[in-house]
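A.B. asks: Need coordinates for the below:
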Amino acid sequence: MGMSLMAAVIGVVLLTSVLSGVLGMGGGMILMAFLAAVLPVTSAMVLHGVIQAVANGSRCLLLFRHIVWKPLGYFAVGTGLSVLAFYFLVISTKTWVVYLAIGLLPFLPKTWMKSFALDFLKPTHAFTCGLVVSLMQLLAGASGPLLDMFFQESKINRHQVIATKAITQTVGHSIKIAVYLPLIGSESYFADQKIFFLLLLTTTLLGTWLGTRLLARLKEEDFRKYVGYSIKAVGLFSVFRGIGSLVYG
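C.D. replies: This next block holds a predicted model:
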């Protein structure tokens with residue numbers, strides 16, 4: 001991995017860590033798309049998983065007292081089933097299909113979406129979230145916009161939303177690392193890059209801390225509004241990424 005590419009990765013990691021620290025989503029999808037464009041898929045999945053596990057894990061520690069624990073057991077059961085599905089079912093979905101699916105979800109008619117009234121605090125919704133979001137994470141590398149849809153009707157404050165989403169993402173990305181790491185094989189993108197990884201993890205922690213500081217300055221109503229805008233922006237980004245994958249392979 002050349003110096004210019006390393007610098008670009010570190011810069012994107014900083015920006016996306018700040019974004020995720022403020023809004024709780026968006027950064028992971030953008031980072032995944034960038035890494036997938038410059039690295040082989042398996043390497044991109046592992047590197048993305050490490051960065052996001054560190055970012056979300058540190059966010060959990062910073063906002064630990066705000067985590068809503070009760071639904072997480074149901075989420076874990078759904079996540080476990082998603083891993084089994086990934087291993088034992090024949091999944092032929094192409095990357096471009098996954099990106100387009102994630103990208104189009106935020107643009108479904110609001111009235112149609114409200115009929116589902118997705119609320120992570122409800123056991124069945126938390127279970128479904130674990131099943132669908134975790135499977136999407138294993139297929140596409142990121143699932144922030146989809147995860148956020150399960151919190152739109154949850155009656156909890158922005159700190160609780162960010163903290164609870166962070167712990168679900170920490171688990172999901174850790175599982176992704178375990179699944180894809182054995183598949184890297186002889187790829188040498190991670191060889192002899194100790195200083196790069198140190199800078200990368202330091203940048204991730206810095207971006208997460210900055211994002212958390214900015215979160216404290218954000219008003220509750222502004223938080224909801226900006227999350228909505230962010231979902232749509234990431235949706236558009238994902239659609240173009242999916243089209244690019246379809247056209248260029």
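
A.B. asks: contacts and neighbour counts: CA atoms only from here.
C.D. replies: Noted.

A.B. asks: Quick check: closest non-adjacent residue to residue 246.
C.D. replies: Leaving aside its sequence neighbours, residue 246 sits nearest to residue 96 (CA to CA, 6 or more residues apart in numbering; 5.5 Å).

A.B. asks: which residues in this structure form helices?
C.D. replies: 3-23, 27-38, 41-62, 72-88, 95-104, 110-114, 123-140, 144-149, 158-180, 194-216, 220-248 (DSSP state H).

A.B. asks: And the contacts of the fourth one?
C.D. replies: Contacts of helix 72-88 from elsewhere in the structure, counted by CA atoms under 8 Å, 6 or more residues apart in numbering, are 123-124, 126-132, 134-135, 138, 168, 172.

A.B. asks: can you tell me the average pLDDT over it?
C.D. replies: For helix 72-88, mean pLDDT is 92.

A.B. asks: Just the C-alphas of it, formatted as CSV.
C.D. replies: Extracted in CSV, the C-alpha atoms of helix 72-88 (Å, rounded to 0.1, in the frame of the first residue of the first chain):
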residue,chain,number,x,y,z
LEU,A,72,-29.9,-6.1,22.8
GLY,A,73,-30.6,-9.8,23.8
TYR,A,74,-33.3,-10.0,21.0
PHE,A,75,-30.9,-8.3,18.6
ALA,A,76,-28.2,-10.8,19.5
VAL,A,77,-30.5,-13.8,18.6
GLY,A,78,-31.3,-12.2,15.3
THR,A,79,-27.6,-11.6,14.6
GLY,A,80,-26.7,-15.2,15.4
LEU,A,81,-29.3,-16.5,12.9
SER,A,82,-28.0,-14.1,10.3
VAL,A,83,-24.5,-15.6,10.6
LEU,A,84,-25.9,-19.1,10.2
ALA,A,85,-27.8,-18.0,7.2
PHE,A,86,-24.7,-16.5,5.7
TYR,A,87,-22.7,-19.7,6.2
PHE,A,88,-25.3,-22.3,5.3
